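1. Task: produce atomic coordinates for the following.
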Amino acid sequence: MLRLVDINWNAAAALLARHGLALERIADGAPIPGSYWGEPEAGVIGVRVYARVDTPVHSLLHEASHLIVLPPERRAAIHTDASDSQAEEDATCYLQILLADELPGVGRERLMDDMDAWGYTFRLGSTRAWFERDADDARMWLVERGLLARPTQATLPLPSSIKASR
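-> The predicted model follows:
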């Protein structure tokens, strides 16, 4: 499982900042504020994502993606549980996979493997199968809200198609 200690913390913070979020580093062993699953999983409160060096990268990207998919006015009210619907949860999973390509040393392939290892479940049996063959609704959810560029070809959108938060 790839953890924040394994990647560049500043690159992760810069990625979140491009979307109007702040990455808050929590001291080793300290409780993580706003963590839905408990330590070492990332937590969210407002526009802040809390993590320690032992936080899994997939968790950081998942919680950040929850905030990114929300309109800015809803972010302020978020504390711990950011999910509003299954459609929003699916869009969050889709976005976290795309964001993984923007972190040096991570990438979507590694992130999808870690998501499977952690226990994410999709009806086709794996994160990769869902992302490649069953995530059209999640992608369109992001497109309809202006968070992802509409694909011009029959290929999956590239990470550069992710729009920064307004």
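2. When you work out contacts or count neighbours from here on, use the C-alpha atoms and nothing else.
-> Fine.
3. ok, now which ones touch L111?
-> Neighbour list for L111: 57-58, 97, 100 [criterion: C-alpha atoms under 8 Å, 6 or more residues apart in numbering].
4. ok, now with 10 Å
-> Contacts here follow C-alpha atoms under 10 Å, 6 or more residues apart in numbering; on that basis L111 touches 1-2, 56-59, 61, 96-101, 117, 127-128.
5. what sits against the residue nearest to G38 when sequence neighbours are not counted?
-> Excluding the flanking residues, the one nearest G38 by C-alpha to C-alpha, 6 or more residues apart in numbering is I32, at 7.3 Å. With contact set as C-alpha under 10 Å, 6+ apart, I32 has these partners: 24-26, 38-44, 49-52, 55.
6. Check Y36 too.
-> By C-alpha under 10 Å, 6+ apart, Y36 lies in contact with 42-44, 63, 79-82.
7. pull the CA atoms of stretch 36-49 into PDB?
-> Output of stretch 36-49 as PDB, limited to C-alpha atoms (Å, rounded to 0.1, in the frame of the first residue of the first chain):
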ATOM      1  CA  TYR A  36     -14.300   8.600   8.600                       C
ATOM      2  CA  TRP A  37     -12.500   5.300   8.700                       C
ATOM      3  CA  GLY A  38     -10.100   6.100  11.600                       C
ATOM      4  CA  GLU A  39      -6.300   6.300  11.500                       C
ATOM      5  CA  PRO A  40      -4.300   6.200   9.400                       C
ATOM      6  CA  GLU A  41      -7.000   7.100   6.800                       C
ATOM      7  CA  ALA A  42      -7.300  10.800   5.700                       C
ATOM      8  CA  GLY A  43      -9.900  13.100   7.200                       C
ATOM      9  CA  VAL A  44     -11.800  16.100   5.900                       C
ATOM     10  CA  ILE A  45     -13.100  19.200   7.600                       C
ATOM     11  CA  GLY A  46     -14.200  22.100   5.300                       C
ATOM     12  CA  VAL A  47     -11.500  22.700   2.700                       C
ATOM     13  CA  ARG A  48      -8.900  20.900   4.700                       C
ATOM     14  CA  VAL A  49      -7.700  17.300   4.200                       C
END
